[in-house]
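>>> Build me a model:
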Amino acid sequence: MDRHNLTPTAATFLILIRRLIASGLTRQAVRAFDDIETFVLTRPTAQDFCYLLDTLCKYGYVKLAAEVFNKRKHDYVADVKMYTVLVYGWCKIGRFDMAERFLRDMIERGIEPNVVTYNVFLDGICRKASLHPQDRFERTIRNALKVFDEMSSRGIEPDVTSFSILLHVYSRAHKPELSLDKLKEMRERGICPTVATYTSVVKCLCSCGRLEEAEELLGEMVRGGVSPSAATYNCFFKEYRGRKDSESALKLYRKMKKGGLFAPSVHTYNILVGMFLQLNRVEIVREIWDDMKESGAGPDLDSYTMLIHGLCGKQKWREACQFFVEMIEKGLLPQKVTFETLYRGLIQSDMLRTWRRLKKKLDEESWIIESVVKLLAASMVDVKENINDNLLASDHNRDLVAVQDAVSVFRKIMTSCLRNFFKRSYLR
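Numbering: from 1, shown residues only. Okay, here's the model as predicted:
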């Protein structure tokens, strides 16, 4: 930056801080934050301080974030956003006791929590809670409803996110009646459900075998102006797969395709491919596979793995080999189990020459990948040593230019390596 006569700004430091934290250099990141005033000649704002806390929490360094906050909360005017960030951080690592402690601390300091703060805390309680056996589900719901009650007592109305979090719990626990009751309560309160809200209820109804009610709810979504997502339709396809109801699945898929109702995700296509493979409907598999390629959604590694294993199971070795080669040419390296399955099948079917051609193809691609990995590993070591040397030699991370140059060189090397790899993988 000195060479180009550029002066670093606070935004420059915030970018550096994020990269340092992402690399695990948290103490250096805090020192870089302290150096902002020296280089920029203005004191970091409360927003900058909140950014430091938020980045530490998102990368899992919540204890350090709390330590930094407690030491410096008198230097900045602590606000609801800072506390919400810390509540989120403690919930992220499963320390709900500490999350609640910070929630109580902000109230004692006269800082009023908002609906976002409570939603973060509510999501922490519900998101990863174990719901089986029944008493664990009941305990989770009691804790969640306590949060709802506290919100109401403080004059804070739960919003659509609050209800969606609770509906997700009901869906995971397969409680269709409770899901429908809570959805009805939302409407009575004048809260409009979102696609995520509806999808949770649809998923619950489908998993409980109540497809007719799920279809009614889907129609209600469309009439209400809420467009179903791929995840919404996937709930139906998963239930059809469980029932081996290929006709209903195909009817819904073609209806969606004809009406342009939504763009299927690669997961949607994978569900359908797996289902029709199991039912030996190879012609339908081909149709769906071609649609997936045409849409650009896929195929991905899971798609190829599932298709190749399905074809091997039906002893369609030539088709399996074709997709195996196509997979490699796209730069997707097969899993070990795929490799071994195809190997055993070809040997048992006396197709040794085919196996040797496949082995040669894989060896060529493996050599390319190995070269890329070695180059990247060497460049990462060089860059890490360069960064560490500069951080240790400089006074409180003042040699920012050297660090940025090292990172820039690493990015160029990595980009060059990957570009060469994909050229060789795709342009054969």
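>>> Centroid-nearest residue for the protein?
Nearest to the geometric centre of the chain sits residue 58, at 13.3 Å (C-alpha atoms, centre = their mean).
>>> That one: what's it in contact with?
With contact taken as C-beta atoms under 8 Å, 6 or more residues apart in numbering, residue 58 is in contact with 89, 92. For every residue, glycine as well, the C-beta is placed using N, CA and C.
>>> Do I have it right that residue 156 meets residue 115?
Yes: using C-beta atoms under 8 Å, residue 156 and residue 115 qualify as a contacting pair, with a distance of 5.4 Å.
>>> Let's see the pLDDT reported for the residue sitting furthest away from the middle of the chain.
Among residues of the chain, the one most distant from the C-alpha centroid is residue 350; the distance is 44.0 Å, by C-alpha atoms, centre = their mean. pLDDT, residue 350: 84.
>>> Spell out the secondary structure type for it.
The three-state label for residue 350, taken from DSSP: H, G, I helix; E, B strand; the rest coil, comes out as coil.
>>> For residue 317, see how far away it is.
10 Å (C-beta to C-beta, to the nearest Å).
>>> Over to residue 209?
Relative to residue 317, residue 209 is positioned 38 Å away (criterion: C-beta to C-beta).
>>> And those two? Which one has more around it.
A direct count of neighbours by other C-beta atoms under 10 Å for residue 209 and residue 317 places residue 317 higher, at 19 against 13.
>>> roughly how far apart are that one and residue 290?
21 Å.
>>> How about residue 213?
When distances are taken as C-beta to C-beta, residue 213 and residue 290 turn out to be 34 Å apart.
>>> again, but for residue 8
Distance from residue 8 to residue 290, counting by C-beta to C-beta: 53 Å.
>>> Then residue 75?
In this structure, residue 75 lies at 62 Å from residue 290, with C-beta to C-beta as the measure.
>>> With residue 91 instead?
The value you get for residue 91 to residue 290, if C-beta to C-beta is used, is 44 Å.
>>> Repeat that for residue 136.
Between residue 136 and residue 290 the distance, using C-beta to C-beta, works out to 46 Å.
>>> ok, now residue 153?
With distances taken as C-beta to C-beta, residue 153 is found 58 Å from residue 290.
>>> Same question for residue 131.
In terms of C-beta to C-beta, residue 131 sits 40 Å off from residue 290.
>>> Then residue 302?
The spacing between residue 302 and residue 290, counted by C-beta to C-beta, is 18 Å.
>>> what do you get for residue 262?
19 Å.
>>> Who has more neighbours out of these two?
Legend: neighbour count by other C-beta under 10 Å for residue 262 and residue 290, higher for residue 262 (16 against 10).
>>> what sits against that one?
227-230, 233, 256.
>>> which among those end up buried?
Judged by neighbour count, with 16 or more other C-beta atoms under 10 Å as the criterion, the buried members of the contacts of residue 262 are 228-230, 233, 256.
>>> pLDDT and distance to residue 127 for the residues you listed - can I get that in TSV?
Putting the buried ones among the contacts of residue 262 into TSV (pLDDT from 0 to 100; distance: C-beta to C-beta, whole Å) gives the following:
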residue	pLDDT	distance to residue 127
228	92	23
229	92	20
230	92	21
233	94	24
256	84	30
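>>> Tell me which two in the residues you listed are the farthest apart.
Of all pairs drawn from the buried ones among the contacts of residue 262, the one with the longest distance (C-beta to C-beta) is 229 and 256, at 11.7 Å.
>>> for stretch 215-232, how far is the first residue from the last?
11 Å (C-alpha to C-alpha, to the nearest Å).
>>> Relative to the whole chain's centre, how far out is that stretch?
A distance of 24 Å separates the C-alpha centroid of stretch 215-232 from that of its chain, computed with C-alpha atoms, centre = their mean, to the nearest Å.
>>> What of stretch 143-153?
Taking the mean of its C-alpha atoms, stretch 143-153 sits 29 Å from the chain's own mean (C-alpha atoms, centre = their mean).
>>> What residues sit buried inside that stretch?
144, 147-148, 151.
>>> What are the contacting residues of that stretch?
The set of residues that contact stretch 143-153 without belonging to it, under C-beta under 8 Å, 6+ apart, is 115, 118, 121-122, 125-126, 157-158, 162, 165-166, 169.
>>> Redo these as CSV? Include distance to residue 31.
Rendered in CSV, the data for the contacts of stretch 143-153 read as follows (distance: C-beta to C-beta, whole Å):
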residue, distance to residue 31
115, 36
118, 35
121, 32
122, 36
125, 35
126, 38
157, 43
158, 42
162, 39
165, 38
166, 43
169, 42
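>>> Tell me the buried residues within the residues you listed.
Neighbour-count burial (16+ other C-beta under 10 Å) applied to these gives 118, 121-122, 125-126, 158, 162, 165-166, 169.
>>> Show the subsequent helix or strand relative to the helix or strand hosting residue 256.
Of the helices and strands defined by DSSP states H and E, residue 256 is found in helix 246-259. The element immediately downstream of helix 246-259 (helix or strand, assigned by DSSP H and E) is helix 266-278.
>>> State the next helix or strand along the chain beyond that next one.
Note on helix 266-278: by DSSP H and E, the next helix or strand toward the C-terminus is helix 282-295.
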